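1. coords below, sequence missing:
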């Protein structure tokens, strides 16, 4: 029988400690397996093909009936692992916190426990007329993040 745990084990052992890693897995009632990968430096088609072939070979040995789709994590899909943040430093993010707060800013750092978002905005000068551009940084504990998405620019 094909289970999520069984497939996850096969894939994570195959990818062990490499630059590509599993970010999602769905198995339909008809044993259609959807696998989502991400990588420290992105995901190539050859990475998807290699995972698909390895899984197909392993499942064929068990004489199981299945179909497989392997793809990248997706640009508009929320990040789900701390490991994914490093490659997105310098990009704009939309963050939702566990308490319902929403934030936006440019990711400038991630140390494994906290992300640092930076925002620039115009505000009145403290003395005199006119406005000045102010840049502020906010540290956010990773455990407080409910959802974070890269803001795509077109």
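-> Yes, it's here. What you see is a predicted model; the values in this text were computed from it and never measured.
2. residue 31 reaches residue 65, doesn't it?
-> Yes. Between residue 31 and residue 65 there is a contact under C-beta atoms under 8 Å: 5.9 Å. Where C-beta positions appear, they are placed from N, C-alpha and C, glycine not excepted.
3. more neighbours: the two, which one.
-> residue 31 (14 against 8; other C-beta atoms under 10 Å).
4. can you give me the domain assignment for the protein?
-> 4-72, 82-150 (automatic domain parsing).
5. tell me the secondary structure of residue 128, please.
-> Using DSSP: H, G, I helix; E, B strand; the rest coil, the structure places residue 128 in coil.
6. give me the number of residues near it?
-> Residue 128: 7 surrounding residues under other C-beta under 10 Å.
7. same question, residue 124
-> By the criterion of other C-beta under 10 Å, residue 124 has 10 neighbours.
8. ok so, going back, format the domains of the chain as JSON lines; extra columns: mean pLDDT.
-> Conversion of these to JSON lines gives the following (pLDDT from 0 to 100):
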{"stretch": "domain 4-72", "mean pLDDT": "93"}
{"stretch": "domain 82-150", "mean pLDDT": "93"}
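9. OK, contacts around the residue lying closest to residue 1 once chain neighbours are set aside?
-> Excluding its sequence neighbours, the residue lying closest to residue 1 (C-beta to C-beta, 6 or more residues apart in numbering) is residue 64, at 7.9 Å. Counting by C-beta atoms under 8 Å, 6 or more residues apart in numbering, residue 64 makes contact with 1-2, 31.
10. phi and psi next, for residue 64.
-> Main-chain torsions, residue 64, degrees, to the nearest 10: phi -100, psi 150.
11. give me the distance from the helix ranked longest in the chain to the chain's centre.
-> Longest helix in the chain, counting residues (DSSP state H): helix 45-61. Centroid separation for helix 45-61 versus its chain: 22 Å, with C-alpha atoms, centre = their mean, to the nearest Å.
12. counting contacts, what elements does the next helix or strand after that helix pack onto?
-> Sequence-wise, the next helix or strand downstream of helix 45-61 (DSSP states H and E) is strand 67-72. Here strand 67-72 touches strand 32-39, helix 45-61, going by 3 or more C-beta pairs under 8 Å, 6 or more residues apart in numbering; DSSP states H and E.
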